[in-house]
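Colleague: dropping the sequence and predicted coords here.
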Amino acid sequence: MMDRLMDLMTMQEWVQLLMSFVATYMYAVLYQVPKSALWRVGLVGMGAWFTQWFVLSLGVRSVGAAFVGGLFVATLSELLARRLRMPVIVFVVGGIVPLVPGSAAYATMRHFVMGENLEGLARGTETLLIASAISAGLVLAGTIMRLNRRKHHDRTRLPLR
């Protein structure tokens, strides 16, 4: 399996994968995430980048890949938060760092400043759709995970007599 992955990813993509971990880890350090969770937050961010890259490599457009990345971040964050007894937000905020369309937002503003309003509007719309897809993935997966938890919790309760 590792050989197939090596064939799929170029050296530049391996560097990007590593940098997604580093960026997420440093973002978590900046926001004073507990030390016991730092490397896990880094792995969530790295997994989010890899998920988005993999979905893009299957031919899915950037908005769909961002949605799947958001699903990944929310699901893994919920599981880690339960296991480590920490708030979900600790993992979610760091985990979405590699998914945020920062360069697309920059390109949007650059086009508007250069007077290319139509191209700026197109880029801005795509940026907004990507950000919305990330949010939708986070909300959907978080809701499903919490509903599953509530259903499990209700089954373990004893009925009152």
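Modeller: Received it, and whenever you're ready, just let me know what you need.
Colleague: longest helix anywhere in this protein?
Modeller: Longest helix in the chain by number of residues (criterion: DSSP state H): helix 117-156.
Colleague: same question for that helix: list its buried residues.
Modeller: When burial is assessed from 16 or more other Cβ atoms under 10 Å, helix 117-156 yields the following buried residues: 120, 123-124, 126-127, 129-131, 133-134, 137-138, 141-142, 145. Bear in mind the C-beta positions are built from the backbone N, C-alpha and C, glycine included.
Colleague: kindly report the same for stretch 104-116.
Modeller: So, applying 16+ other Cβ under 10 Å, buried residues of stretch 104-116: 104-105, 107-108, 111.
Colleague: same question, stretch 9-29
Modeller: Across stretch 9-29, burial judged by 16+ other Cβ under 10 Å covers 9, 16-17, 20-21, 23-25, 27-28.
Colleague: centroid residue for this protein?
Modeller: In the chain, the C-alpha nearest the mean C-alpha coordinate belongs to Ile96, at 3.6 Å (Cα atoms, centre = their mean).
Colleague: quick check: phi and psi at that residue.
Modeller: Dihedral pair for Ile96: phi -90, psi -10, per degrees, to the nearest 10.
Colleague: list the residues that contact it.
Modeller: Applying Cβ atoms under 8 Å, 6 or more residues apart in numbering, we find Ile96 in contact with 45, 48, 69-70, 73, 134, 138.
Colleague: filter those down to just the ones in helices.
Modeller: Secondary structure assignment (DSSP H) places 45, 48, 69-70, 73, 134, 138 from the contacts of Ile96 within helices.
Colleague: of all those, which two lie farthest apart?
Modeller: For the ones in helices among the contacts of Ile96, the farthest-apart pair by Cβ to Cβ is Gly45 and Leu138; their separation is 13.7 Å.
Colleague: flag the shaky bits of the protein, pLDDT-wise.
Modeller: Across the chain, the ranges flagged by pLDDT under 70 are 1-6, 149-161.
Colleague: quick one: list the elements packing against the helix or strand hosting Arg40.
Modeller: Here Arg40, judged by DSSP states H and E, is contained in helix 38-57. Secondary-structure packing of helix 38-57 (3 or more Cβ pairs under 8 Å, 6 or more residues apart in numbering; DSSP states H and E): helix 11-30, helix 62-84, helix 89-95.
Colleague: quick one: closest of those helices to Gly115.
Modeller: By Cβ to Cβ (comparing all of the helices and strands packed on helix 38-57), the closest turns out to be helix 62-84, at 25.4 Å.
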